[in-house]
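**Student:** Just a sequence and a predicted model for now, questions to come.
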Amino acid sequence: MIVQKIRKINSALGKFEEWFILLLFIVMFCVIIAQAISRYVFNDPIVWTDEVACYLQMIIGYLGIAYGIRHDSHIK
């Protein structure tokens, strides 16, 4: 009974993790596009976009490691 609840919670967290990684990737994509447009079209770069993209990439990497471990999809 407790094991079934733990598996259900684990499955829900897995789905949340997948959607959260996707959301962060979309945000990172938008930040990079905004950076490119502001830099090359308006010649006035947004200063914080570089750091935000870097931090988002690190967070996505760490969550991707957890996702890979959960689904046993790392290179062996």
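**Tutor:** Nice, I can see it.
**Student:** ok now the helix or strand that Ile9 is a member of, how far from the chain's centre?
**Tutor:** Ile9 belongs to helix 2-40 when assigned by DSSP states H and E. Centroid separation between helix 2-40 and its chain, computed with Cα atoms, centre = their mean, to the nearest Å, is 5 Å.
**Student:** where does the residue nearest to His74 when sequence neighbours are not counted land on pLDDT?
**Tutor:** Residue nearest to His74 in three dimensions, not counting chain neighbours: Gly68, with 4.6 Å by Cβ to Cβ, 6 or more residues apart in numbering. Heads up, the C-betas are built off the backbone N, CA and C, glycines and all. Gly68 carries a pLDDT value of 90.
**Student:** Which helix or strand contains Gly68?
**Tutor:** Counting by DSSP H and E, Gly68 is found in helix 49-70.
**Student:** Dump that helix to PDB, restricted to CA.
**Tutor:** What follows is helix 49-70 as a C-alpha-only set of coordinates in PDB (Å, rounded to 0.1, in the frame of the first residue of the first chain):
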ATOM      1  CA  THR A  49      20.400  37.600 -21.000                       C
ATOM      2  CA  ASP A  50      23.900  36.000 -21.200                       C
ATOM      3  CA  GLU A  51      23.900  35.000 -17.500                       C
ATOM      4  CA  VAL A  52      20.300  33.800 -17.500                       C
ATOM      5  CA  ALA A  53      20.900  31.600 -20.500                       C
ATOM      6  CA  CYS A  54      24.000  30.100 -18.800                       C
ATOM      7  CA  TYR A  55      22.200  29.400 -15.500                       C
ATOM      8  CA  LEU A  56      19.200  27.900 -17.300                       C
ATOM      9  CA  GLN A  57      21.600  25.700 -19.300                       C
ATOM     10  CA  MET A  58      23.200  24.400 -16.100                       C
ATOM     11  CA  ILE A  59      19.800  23.800 -14.500                       C
ATOM     12  CA  ILE A  60      18.600  21.900 -17.500                       C
ATOM     13  CA  GLY A  61      21.800  19.900 -17.500                       C
ATOM     14  CA  TYR A  62      21.300  18.800 -13.900                       C
ATOM     15  CA  LEU A  63      17.700  18.000 -14.400                       C
ATOM     16  CA  GLY A  64      18.600  16.100 -17.600                       C
ATOM     17  CA  ILE A  65      21.000  14.000 -15.600                       C
ATOM     18  CA  ALA A  66      18.200  13.100 -13.100                       C
ATOM     19  CA  TYR A  67      15.800  12.400 -16.000                       C
ATOM     20  CA  GLY A  68      18.400  10.100 -17.600                       C
ATOM     21  CA  ILE A  69      18.900   8.200 -14.400                       C
ATOM     22  CA  ARG A  70      15.100   7.900 -13.800                       C
END
